[in-house]
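Undergrad: here is my input; please provide its structure:
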Amino acid sequence: MNNSEFKKEVDSIKVPEERLDMTIKTAMKDEKPKRSLGKKIIYFTSAATLFVGLLFGSAVASPAWADTLSKIPLLGSVFELGEPGQDILSALNEQGYNVKDVSYRYQPERAVEIRVGGSEAYIAEVQDEVKNIAEKVLETKHYDTYSVKVMETWDVAPEEGDKPKPVSEEEKQEQLVIPLKVMEAMNKIDYKHEFSLMRNYSSKTIEIPIEGSEEYYNKMKDIVKSTVNDELQASNIKGYTVNVSHQPTKKVIQEKWKLDLMPVVTQELMGKKGYHVTEVKSAMKENRMLLKITTSLKGSDYSANELAKGIEENVNKILNSDSFDQITNEFPYEVNIYSKDNKKIN
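TA: Presented below is the predicted three-dimensional model:
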């Protein structure tokens, strides 16, 4: 497949614009080294960036809670929630810094860790600038508990069997087209669920999980496999094996709770001093997500119960927002807030 053919393939695909933008960006993004370097995972979601604007009501209006609220920065009457790690990464990449990863750490201290690629001299040259930009983003988003640490990126030496084989220019173009063609195939059969695509180029396999009941999977598996194969063959992409697996909806929802919802709740509650939160834990029990939030207040403190009401209200607003309500409706939750002496205060 030459360059002109590659461009025609991309231009001809009927994909919603926001999905196409994210697909192309993800496919072309440099990946951090992993144990199996031949594998890459691309996540297709209905929104590329999480941003939730939540109205903060006046249901909790006692003097004690009002005093606590004064310590939780709010933008007027709007409780604004973003993803500061992604904001930091975007800000640094836009300014040309070679940033590979932004992550959070909560123990033994709360920190945002930024891993920068390049030589030791380069990292020493830019680390203060990178730190200042990250701190400004956190300040803008009202996160006041995180320190910023800039460090070199992980260098993971691949095991002998994981070393990638040399890739030709034609193969590189195929690897960019494959996720787009899979998306095109899934659109043709009107597949409604979000899905992940795992490709192992060293063994030339494509793994597609199908979400839903056992009955739905049995109905769709052959259709998905044949439609994807037809799309690949129509683009002259040969030699790939398409495997389809079952992903029960319950398991998908549980994964979304762990990977999508809980990080947002934890980043919010651990990132602002006014919440007085020291730990956020979650556990699945009898088809219900149990959240345990521990604060630094004693159970006998005058404002403990009012603080707990405010925390629970904010957590409910996050979890019942438009971004997450489909997940929480299908998989309910319970919020339990404790004092530092392990008394339930909500």
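Undergrad: where does the stretch 1-150 of the chain dip in pLDDT?
TA: Counting by pLDDT under 70, the stretch 1-150 of the chain contains low-confidence residues at 1-82.
Undergrad: touching, residue 126 and residue 99? I think so.
TA: No. Residue 126 lies out of contact with residue 99 (C-beta atoms under 8 Å); the separation is 9.3 Å. To be clear about C-beta, it is placed using only N, CA and C from the backbone, and glycine gets the same treatment.
Undergrad: between these two, who's got more neighbours?
TA: Per other C-beta atoms under 10 Å, whichever of residue 126 and residue 99 has more neighbours is residue 99, with 24 against 20.
Undergrad: is that one in a bridge, and if so with what?
TA: Per DSSP bridges, the residues bridged to residue 99 are residue 116.
Undergrad: so who does it touch?
TA: Applying C-beta atoms under 8 Å, 6 or more residues apart in numbering, one finds that residue 99 lies in contact with 89, 92, 93, 114, 115, 116, 117, 130.
Undergrad: what's the span of stretch 90-102, first residue to last?
TA: Start to finish, the residues bounding stretch 90-102 are 10 Å apart (C-alpha to C-alpha, to the nearest Å).
Undergrad: what do you get for stretch 243-261?
TA: The separation between the terminal residues of stretch 243-261, taken as C-alpha to C-alpha, is 29 Å.
Undergrad: which of the contacts of residue 99 count as buried?
TA: Neighbour counting by 16 or more other C-beta atoms under 10 Å classes 89, 92, 114, 115, 116, 117, 130 among these as buried.
Undergrad: just to revisit the earlier point, which single one of the contacts of residue 99 is nearest to residue 234?
TA: The closest of those to residue 234 turns out to be residue 93 (C-beta to C-beta; 35.1 Å).
Undergrad: helix or strand for that closest one, which one?
TA: Residue 93 is located in helix 84-94, with elements delineated by DSSP states H and E.
Undergrad: helices of the protein, start to end?
TA: Under the criterion DSSP state H, helices of the chain are mapped to 3-12, 17-28, 63-69, 84-94, 120-140, 169-188, 214-234, 249-256, 262-271, 304-319, 325-330.
Undergrad: any idea which of these gets closest to residue 336?
TA: The closest approach between residue 336 and any of the helices of the chain, judged by C-beta to C-beta, belongs to helix 304-319 at 9.1 Å.
Undergrad: packing partners for the helix holding residue 93?
TA: In this structure, helix 84-94 makes packing contacts with strand 99-105, strand 111-116, helix 120-140, helix 262-271, judged by 3 or more C-beta pairs under 8 Å, 6 or more residues apart in numbering; DSSP states H and E.
Undergrad: closest to residue 320 out of the contacts of residue 99?
TA: Closest approach between these and residue 320, by C-beta to C-beta: residue 89, at 27.5 Å.
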